[in-house]
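# Give me coordinates for this.
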Amino acid sequence: MDIEQFRKSGRQMVDYIADYYENIRNRPVIHNVSAGYLAPQLPDSAPEDPEDWQEIFKDIERVIMPGVSHWRSPRFHGYYAAGGSFPSLLADMLCDAIGCIGFSWTASPACTELEMVTTDWLAKMLGLPAHFRHSSSGQGGGVIQTTACEAVFLCLLAARKNIIHKMKAADPDTQEGDITSRLIAYTSDEAHSSVNRAGILAGIRMRKLATDDDFRLRGKTFQQAIDEDKRNGDIPFYLCATLGTTGTCAFDDLKELGPICEREGVWLHVDAAYAGSAFACPEFRHYLDGVEYAETFSVNPHKWMLCNFDLSVMWIRNRDLLVDAFRVDSVIYPDHKEQGIVCDYRHWQIPLARRFRALKLWFVLRSYGVKGIQAHIRRDVALAKQLDGLLKADGRFEMPAPTVMGLVCIRLKGSNDLTESLFEDLISKGKIFVATSHANKDGRDVNFIRVAMVAENVTPEDVRMTYEAIRQSADCVMRNASSSGRKRKAENGTTVQNGTC
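Model (predicted):
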């Protein structure tokens, strides 16, 4: 493909993407294929000779789209918000065109410096402490990682390196293996599974602590765990607190947890992957109270801030703790005279190579502005509360967790079986797509359905359609449950037919 062919094909692809967005409501919300559907439609081997672009283009609809779950559909309510916007798409095009591998300032000064500027912009926009900014007088700063999962793991490794250094400084004869075997980290039983995975990868015990009735980790529980582990000779050193948990969008109490971390010498990492974007709105910043105690903080603009995947921003109070943990110098990647003025981000991450991700954050923040981002967040919260109100008015549903952001957690009153049947019926009909979760509520394990505002194009009418889909499935489930009950009670031999959904 030469430049002129690229111009023509590029316009064709942009038109295709625009049509895809414009007509997304006409597509099924979820795929309708079986596992292994793709391979039989493709050759066994890559082509020996070049293929014409138009033949490749035709296979997008023939081969790819049947197996796509359409996260951009306003009826896709699974998981969490999937960020995306046209400015972000354009930025990724430019990023790929430039093709720089920004491991150091010298490798691409704009890549490094724009990342420093935009992470500072975002820290200010979210109301984070000044010590997290590159422009502050301290050693803080932000860096763009791929995901919040990577940020959790990275911070755990840095915290491990830091505590080992401190303990060996206090007692040089202590063996590193003896220290590591006694280290213990903490998180809540509502934290994302990646926190537990980070512990596995780092070879660290990750202790899950029980949350309160609102699914929050509280200070008393944390302190009791620390005291118990210290009595057993263990070394508490890391806590991953969550602002906006995956299951219920709950907020751990940083006001209580933070002072304990400071007193006990525990590294506090705050995972705000989803809900962190909401702190652009002042009315949600009370959830941030206590963040001044955090050593590190991460948020995913690729979830709720209109940036396409992948873009996760992580801030650290003292960059030296990160650099010291991961710095590996090389002959072909030497230091430069600008060292100390700007970052060499290769020391801030696990990979060496890095994309020019700051472009899409820059494009989005400039295209929408702070007010546009705030309007986007508030619209999703209003839509979630609209659905919450419709379901509460119905009378058959209960909410195991309050609707405070863009997530509605619902279950049919009664047994878990009813909610499981509701979920299965919703998925089988395919009018909307939702996800399920479970949590301990009032001493019992309850299943519930998570309905998230995912796409940017959801409207109040879409929410009413989502409610109607849930209501109709609930009608079927309750009708079947009622007829099954009558059948069990029948003693005269008459068969009562179950309803069908």
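# contacts and neighbour counts: CA atoms only from here.
OK.
# residues in contact with the residue lying closest to Cys281 once chain neighbours are set aside?
Distance criterion C-alpha to C-alpha, 6 or more residues apart in numbering; nearest residue to Cys281, sequence neighbours excluded, is Gln374 at 5.6 Å. Taking C-alpha atoms under 8 Å, 6 or more residues apart in numbering, we find Gln374 in contact with 278, 280-281.
# For Met405, state which of the residues you listed is nearest.
Met405 lies nearest to Ala278 out of the contacts of Gln374, by C-alpha to C-alpha, at 7.9 Å.
# and the residue nearest to Cys281, backbone torsions?
Main-chain torsions, Gln374, degrees, to the nearest 10: phi -60, psi -40.
# if I look at it, how far off is Asp388?
21 Å (C-alpha to C-alpha, to the nearest Å).
# Three-state assignment for the nearest residue to Gly265 once chain neighbours are set aside, please.
Nearest residue to Gly265, sequence neighbours excluded (C-alpha to C-alpha, 6+ apart): Phe237, at 6.7 Å. What DSSP: H, G, I helix; E, B strand; the rest coil gives for Phe237 is strand.
# my guess is Phe237 contacts Ile184, does it?
Yes: assessed by C-alpha atoms under 8 Å, Phe237 is found in contact with Ile184 at 6.4 Å.
# Buried residues, the helix or strand harbouring Cys476. List them.
Here Cys476, judged by DSSP states H and E, is contained in helix 460-489. Of the residues in helix 460-489, those with enough neighbours to count as buried (16 or more other C-alpha atoms under 10 Å) are 463, 465-467, 469-471, 473-474, 476-481, 484, 487.
# Counting neighbours, what do you get for the residue nearest to Gly265?
22 (other C-alpha atoms under 10 Å).
# which residues touch it?
Counting by C-alpha under 8 Å, 6+ apart, Phe237 touches 159-160, 163, 183-185, 265-267.
# By neighbour count, which of the residues you listed wins?
In terms of neighbours by other C-alpha under 10 Å, these top out with Trp267 at 26 neighbours.
# quick one: Asp380 from Met305, how far?
11 Å.
# One more: Ser135?
Distance, Ser135 to Met305, using C-alpha to C-alpha: 23 Å.
# Looking at the two, which is more packed in?
For Ser135 and Met305, the more surrounded residue by other C-alpha under 10 Å is Met305, and the numbers stand at 28 against 14.
# which ones are touching the more buried one?
83-84, 277, 373.
# Among those residues, which pair sits farthest apart?
Gly84 and Ser277 (13.6 Å).
# Can you point out the buried residues in stretch 376-388?
376-381, 383-388.
# For those residues, work out which two are farthest apart.
Using C-alpha to C-alpha, the buried residues of stretch 376-388 span at most 18.5 Å, a distance reached by His376 and Asp388.
# now the strands: where do they sit in the chain?
Counting by DSSP state E, one finds strands in the chain at the ranges 141-145, 183-188, 205-209, 235-242, 267-271, 296-299, 312-316, 397-398, 407-412, 435-441, 444-452.
# What separation do you get for the residue nearest to Gly265 and Ile30?
Phe237 sits 43 Å away from Ile30, taking C-alpha to C-alpha as the criterion.
# Ala198 and Ala148 touch, don't they?
No: at 11.2 Å, Ala198 does not count as touching Ala148 under the criterion of C-alpha under 8 Å.
# Between these two, which has more neighbouring residues?
A side-by-side neighbour count of Ala198 and Ala148, using other C-alpha under 10 Å, places Ala148 first with 26 against 22.
# and the more buried one, what is it in contact with?
Applying C-alpha under 8 Å, 6+ apart to Ala148 gives the contacts 271, 273, 298-300, 312-314.
# Could you export those as a markdown table, including neighbour count?
Shown next, in a markdown table, are those (neighbours: other C-alpha atoms under 10 Å):
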| residue | neighbour count |
| --- | --- |
| Asp271 | 27 |
| Ala273 | 28 |
| Ser298 | 29 |
| Val299 | 29 |
| Asn300 | 27 |
| Ser312 | 23 |
| Val313 | 26 |
| Met314 | 32 |
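# Show me how the record splits this structure into domains.
With domains defined by automatic domain parsing, the chain comprises 1-30+69-84+375-489+497-501, 100-356.
# Out of these, which is the most enclosed?
Among these, the stretch with the highest mean neighbour count (mean count of other C-alpha atoms under 10 Å) is domain 100-356, at a mean of 19.
# how far out from the middle of the chain is it?
From the chain centre to the centre of domain 100-356 is a distance of 15 Å (C-alpha atoms, centre = their mean, to the nearest Å).
# distance between the ends of it?
7 Å.
# what do you get for stretch 47-59?
With C-alpha to C-alpha as the measure, the ends of stretch 47-59 fall 14 Å from one another.
# next one: that stretch to chain centre, how far?
For stretch 47-59, the distance from its own C-alpha centre to the chain's C-alpha centre is 36 Å (C-alpha atoms, centre = their mean).
# quick one: contacts of it?
With C-alpha under 8 Å, 6+ apart as the contact definition, stretch 47-59 has outside contacts at Ser9.
# and what of stretch 349-359?
For stretch 349-359, contacts defined as C-alpha under 8 Å, 6+ apart pick out 91-92, 95, 99-103, 111, 114-115, 118, 144-145, 154, 310-311, 326, 346.
# what about 6 Å?
91, 95, 101-103, 111, 115, 346 (C-alpha atoms under 6 Å, 6 or more residues apart in numbering).
# ok, the residues you listed vs Glu176, which is closest?
Within those, the smallest distance to Glu176 is 25.6 Å, found for Arg346 (C-alpha to C-alpha).
# pretty sure that closest one contacts Gly102?
No: checked against C-alpha atoms under 6 Å, the pair Arg346 and Gly102 is beyond contact range at 8.1 Å.
# Could you list the alpha-carbon positions for stretch 192-207 in PDB?
In PDB, the C-alpha atoms belonging to stretch 192-207 read as follows (Å, rounded to 0.1, in the frame of the first residue of the first chain):
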ATOM      1  CA  HIS A 192     -10.400  -6.300  42.000                       C
ATOM      2  CA  SER A 193      -9.000  -9.700  41.300                       C
ATOM      3  CA  SER A 194      -5.800  -8.100  39.900                       C
ATOM      4  CA  VAL A 195      -4.800  -7.200  43.400                       C
ATOM      5  CA  ASN A 196      -4.600 -10.900  44.400                       C
ATOM      6  CA  ARG A 197      -2.800 -11.700  41.100                       C
ATOM      7  CA  ALA A 198      -0.300  -9.000  41.900                       C
ATOM      8  CA  GLY A 199       0.500 -10.800  45.200                       C
ATOM      9  CA  ILE A 200       0.900 -14.100  43.400                       C
ATOM     10  CA  LEU A 201       3.300 -12.600  40.800                       C
ATOM     11  CA  ALA A 202       5.300 -10.800  43.500                       C
ATOM     12  CA  GLY A 203       5.500 -13.800  45.800                       C
ATOM     13  CA  ILE A 204       3.700 -11.800  48.500                       C
ATOM     14  CA  ARG A 205       0.800 -13.000  50.700                       C
ATOM     15  CA  MET A 206      -2.200 -10.800  50.000                       C
ATOM     16  CA  ARG A 207      -4.600 -10.800  52.900                       C
END
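# 8 is where my numbering starts, stick with that
All set: I'll call the first residue 8, so the last point we hit is now stretch 199-214.
# circling back to that earlier point, just put the domains of the chain in CSV and tack on mean pLDDT and distance to Phe64.
Below are these laid out as CSV (pLDDT from 0 to 100; distance: least, C-alpha to C-alpha, whole Å):
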stretch, mean pLDDT, distance to Phe64
domain 8-37+76-91+382-496+504-508, 91, 9
domain 107-363, 92, 22
